[in-house]
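Undergrad: Sequence first, then the predicted structure, then my questions.
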Amino acid sequence: DHIGGVDNFCWPNIGFDEKKNPDGKFKAAQLVRACRALKDTCMAYKIPLLSGKDSMYVDGHLEGEFGERVKVSALETVQFSATSVLDDISKCVTLDPKVTGDFVYVMGATKNELGASEYYDLFGKTGKNIPQVDVDANKICYKILEKAIDKELVASAHAVARGGLGVHLGLMAMAGGLGLEIDLSCLPLAKEDSTASLSDEILLFSESAGRFILTVAPDKKSVFEKLCKGLPVSCVGIVTDDHTCLKIDGQDKKSLVNLSCDALGKAFNKTFGDYI
């Protein structure tokens, strides 16, 4: 109910030049689309923009492999910061699972939206099913999650963003140093996908917006589920006493992921090496 935003456009040069900046018009079109998306989102959530900053010429010329000068442009990005009001900071919830035996929930529907994902980018692909933001559905979930946290029903919470569910389950396992056992067949799906057969890859790496991973203590399970009745919220697993492992089973109960927190941590902290 109380939120303000600050937008920062980080954009390469949009001035068209047939030789020096041949894709300038395309970058300008992306800027227009980004502004429209920002406006639509802020209007829907009633977020006033308190201030802003624009970096509109994020380009540089770096030395290439053979000593030549190569133009490098930043990716077109809108950085958005939000500020709100906390009545009681003692009720803030972190991402790390706290206690063995707590149940793992996913709030928000996972959809057939693997397009433009980190997963596809790994293979040099883009895809076509780009995530679509359902503002109305998300607002309902956000308000219920706020109530659940205020009533201290949620032990940990983490938003599912870039990389999808599989990546963020890994982040939570690393943060808590506890095991997670997850069953993808229990995920809440969109109505149009409820009877469809979505691949395990889609369920693991789709970047559908508005989702959260939550953990809930057994003695608060029934109250939490009653509060979330009618929403796309499902129990998908449990926090285990295996302090070293993230286990994820697919829809056919086949093991998809069985990784130690140590292996996850090494991958997460690995440097870029020769890429820079």
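TA: Alright, I've got the coordinates.
Undergrad: So for the chain, the centremost residue is which one?
TA: Ala161 (0.6 Å; C-alpha atoms, centre = their mean).
Undergrad: these two touch, right, it and Leu171?
TA: No - using C-beta atoms under 8 Å, Ala161 is not in contact with Leu171, being 10.0 Å away. Using the backbone N, CA and C atoms, a C-beta is placed for each residue, glycine as well.
Undergrad: In three-state terms, how would the nearest residue to Val133 once chain neighbours are set aside be classified?
TA: Nearest residue to Val133 in three dimensions, chain neighbours excluded: Ala209, at 4.7 Å (C-beta to C-beta, 6 or more residues apart in numbering). Recorded secondary structure, Ala209: coil (DSSP: H, G, I helix; E, B strand; the rest coil).
Undergrad: Quickly note the distance from Ala209 to Asp134.
TA: To Asp134, Ala209 is 8 Å away according to C-beta to C-beta, to the nearest Å.
Undergrad: mind listing what the residue nearest to the centre of the chain touches?
TA: Residues counted as contacts of Ala161 (C-beta atoms under 8 Å, 6 or more residues apart in numbering) are 168, 207.
Undergrad: And the pLDDT for it?
TA: As predicted, Ala161 sits at a pLDDT of 94.
Undergrad: Phe224 versus that one, what's the distance?
TA: 23 Å.
Undergrad: And the helices in this protein?
TA: 24-45, 118-122, 135-150, 165-176, 200-205, 221-227, 261-269 (DSSP state H).
Undergrad: Convert the last one to CSV, retaining C-alpha atoms only.
TA: As requested, C-alpha coordinates have been extracted for helix 261-269 and formatted as CSV (Å, rounded to 0.1, in the frame of the first residue of the first chain):
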residue,chain,number,x,y,z
CYS,A,261,25.4,-27.3,-1.6
ASP,A,262,29.2,-27.3,-2.0
ALA,A,263,29.0,-27.9,-5.7
LEU,A,264,26.3,-25.3,-6.1
GLY,A,265,28.4,-22.8,-4.2
LYS,A,266,31.5,-23.4,-6.3
ALA,A,267,29.4,-22.9,-9.5
PHE,A,268,27.8,-19.7,-8.1
ASN,A,269,31.1,-18.2,-7.0
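Undergrad: Identify each buried residue in it, please.
TA: Using 16 or more other C-beta atoms under 10 Å as the test for burial, helix 261-269 gives 261, 264.
Undergrad: from the chain's centre, how far out does it sit?
TA: How far helix 261-269 lies from its chain's middle: 19 Å, per C-alpha atoms, centre = their mean, to the nearest Å.
Undergrad: so what secondary structure elements neighbour it?
TA: helix 165-176, strand 245-249 (3 or more C-beta pairs under 8 Å, 6 or more residues apart in numbering; DSSP states H and E).
Undergrad: do the third one as well
TA: If contacts are counted by 3+ C-beta pairs under 8 Å, 6+ apart, helix 135-150 sits against helix 24-45, strand 211-216, helix 221-227.
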